[in-house]
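Enquirer: Got a predicted structure here, sequence first:
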Amino acid sequence: MALLDVKGLTIKFGGLTAVSEVDMEIGDNNLVGLIGPNGAGKTTLFNMLTGVYVPTSGKIEFSGERIDGTKTYDITSKKIARTFQNIRLFKDMTVLENVMTSLNYQSKTNLLDCILHTPKQIKEEREMEEKALNFLKIMKLDGKANELAKNLPYGEQRRLEIARALAAEPKLLLLDEPAAGMNPQETAELTEMIRWIKEEFKISVLLIEHDMKLVMNVCEYIYVLSFGEIIAKGEPESIQKNPKVIEAYLGKGA
Amino acid sequence: METLLQQIINGICQGSVYALIAIGYTMVYGIIKLINFAHCDIYMIGAYAGYFAVCTLRFGFTGTLLFAMAACAVLGVTIERIAYKPLRNSPKVTLFITTMGVELLLQNLIKTDFLAGPNTLAFPEIFALETYKFGDVIISNYQIISVLTTIVLSILLQLLVKKTKVGRAMRATSFDRDAAALMGINTNKVISITFAIGSALAGTAGVIVGLLYPKLTPAMGVMPGLKSFVAAVLGGIGVIPGAMVGGVLMGLIETLSKVYISSGFSDAISFSVLIIILLVKPTGLFGKNTREKV
């Protein structure tokens, strides 16, 4: 059984069909790429997977459970986490606090515990801190735990987003253009990191990326989206040679 | 000199009430960018709830305070769920007008004979008034209790916001609601909690005012509500410590201008603070420079 099973997923905004009849399967511990020209509907697809948009039709199954229409904030407890195309950290909070927000959904204390700072709350807070620090260490950010997120350089902000997503302990990690705006050196490091995360945490990763080198390098399987439809899928080598893909990217006659 | 000291003490007492109400304005603004004008009537209802707790339920001071806080918290959350939540994605003006509608509704509900009636009620003495003399300065136990209550609640709130998961969830939601939801934070719950806390503090203010100035009318919330709103803007709207400082400053400005300038002008002076702060430093004393997202 596939970890993520998407069937006939369609969303319409008024008269515009942004994503149409998409089928997609991701197995356990897979690294899958989602590519396509600008405006193809990649981020829209992500938004449906995470409950931000409710699909017009079709279904999304995750670990055998239907999740389309689930509230966004419940998606995390289903074990899906994501990062954003344009960084969306909580910029006025510290690096550590950013990661700790992802741990909230596992918390067992209630509001009264928090107001009165009961021993239970203090203990849990300490555990959350340790856990969050661990994830920072993995992303090599533990030295900056107490800095404000907005003061980090760009590449580190990207890594912090991944740390924050990982802290939710997902089975499926959605990365929306993690290499956007990175220099080649940073991109190479990121490539290694993604591969390592997949092996270390035994999770699946779905990656949207424009950096073809990164995608071809790291992904085991690739879906190509163009004008809301899957026009090709397969191993990186077959995608590179697929005439439909070349046409979508470069136009006819190229 | 003694007059000045005495008036500063009175001003701080008055200001602590403004601070408690201003925190509610600022918290709600911080989380959903809404000026909740019904907030001043939650404070009014807090005072009436206190009256009910003392006269009918025969509660002591702590019991009365907790009762008023709980009543206001429930009221605040109910208002948010029924009146504001369905409009969360509508234009700001719609929501804004709704808050005024709720304000009028609450005032007129309290005016009905079924609840409190239109007449002025006298808040009962929960415990005996005592005054202490320090030189020529007189402080009452009511004043001490009201300021202490405010300080304790402010510290608890500050700790809640800075040191707990609830506070983190609030700050995250306030910064980017969608991203917070995607990190598994139940944003609807966080917004409800924010209304509950803000309203509970307004309820506390209601009871404290009942102690200090024992006169309850259905429209009693309007003036303190407006001044607290000015206090929240003065401190920097959305910033909780700003609301605390702004509240105390407003209390001082009002009391001192009553004594040293003219009691007739004191309200005008209080409100001109709003105009001045908007001209000179629109983000308020503690405000961050934020650009409105386009």
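Expert: Everything's here; your move.
Enquirer: Help me confirm that residue B:167 comes into contact with residue B:160.
Expert: Yes - shown here, residue B:167 and residue B:160 form a contact pair, counting by CB atoms under 8 Å, at 5.2 Å. For every residue, glycine as well, the C-beta is placed using N, CA and C.
Enquirer: joint contacts of those two?
Expert: Listed contacts common to residue B:167 and residue B:160 are residue A:114; contacts here mean CB atoms under 8 Å, 6 or more residues apart in numbering or on different chains.
Enquirer: any low-confidence regions in chain B?
Expert: Applying pLDDT under 70 to chain B flags the ranges B:289-294.
Enquirer: ok, the one residue in the stretch 1-150 of chain A that gets nearest to chain B to residue B:241 distance?
Expert: The shortest separation between the stretch 1-150 of chain A and chain B is 2.8 Å, found at residue A:76 (distances taken as CB to the nearest CB). When CB to CB, to the nearest Å is applied, the distance between residue A:76 and residue B:241 equals 31 Å.
Enquirer: State the pLDDT value of the residue of the stretch 1-150 of chain A closest to chain B.
Expert: Model confidence at residue A:76, given as pLDDT, is 91.
Enquirer: Residue B:121: neighbour count?
Expert: Taking other CB atoms under 10 Å in any protein chain shown as the neighbour definition, residue B:121 ends up with a count of 18.
Enquirer: Can you classify residue A:23 as helix, strand or coil?
Expert: Under DSSP: H, G, I helix; E, B strand; the rest coil, the three-state class of residue A:23 is strand.
Enquirer: now the residue nearest to it when sequence neighbours are not counted, what's its secondary structure?
Expert: By the measure of CB to CB, 6 or more residues apart in numbering or on different chains, the closest residue to residue A:23 outside its immediate chain neighbours is residue A:7, 5.6 Å from it. Following three-state DSSP, residue A:7 is assigned to strand.
Enquirer: Would you agree residue A:7 is in contact with residue A:57?
Expert: No - the pair residue A:7 and residue A:57 does not pass the contact test of CB under 8 Å, sitting 9.9 Å apart.
Enquirer: Just give me the neighbour total for the residue of chain B found nearest chain A.
Expert: With CB to the nearest CB as the measure, the residue in chain B that lies nearest chain A is residue B:184; the distance is 2.8 Å. For residue B:184, the neighbour count with other CB under 10 Å is 25.
Enquirer: So which bits of the stretch 151-294 of chain B are right by chain A?
Expert: With CB under 8 Å from any CB of the partner chain as the criterion, the stretch 151-294 of chain B comes near chain A at residues B:156, B:159-160, B:163-169, B:171-172, B:175-176, B:178-187, B:193, B:288.
Enquirer: Try it again at 10 Å.
Expert: The interface of the stretch 151-294 of chain B toward chain A, taken as CB under 10 Å from any CB of the partner chain, is made up of B:156-157, B:159-169, B:171-190, B:193, B:196-197, B:200, B:288, B:290.
Enquirer: Now list the buried members of these.
Expert: B:157, B:160-161, B:164-169, B:171-177, B:179-188, B:190, B:193, B:196-197, B:200 (16 or more other CB atoms under 10 Å in any protein chain shown).
Enquirer: What residue in chain A is the furthest from its centre?
Expert: Counting by CA atoms, centre = their mean, the extreme residue of chain A relative to its mean C-alpha position is residue A:116, 35.9 Å from that point.
Enquirer: what about the strands in chain A?
Expert: A:4-13, A:16-26, A:31-35, A:57-62, A:65-66, A:80-82, A:172-176, A:204-208, A:221-226, A:229-234 (DSSP state E).
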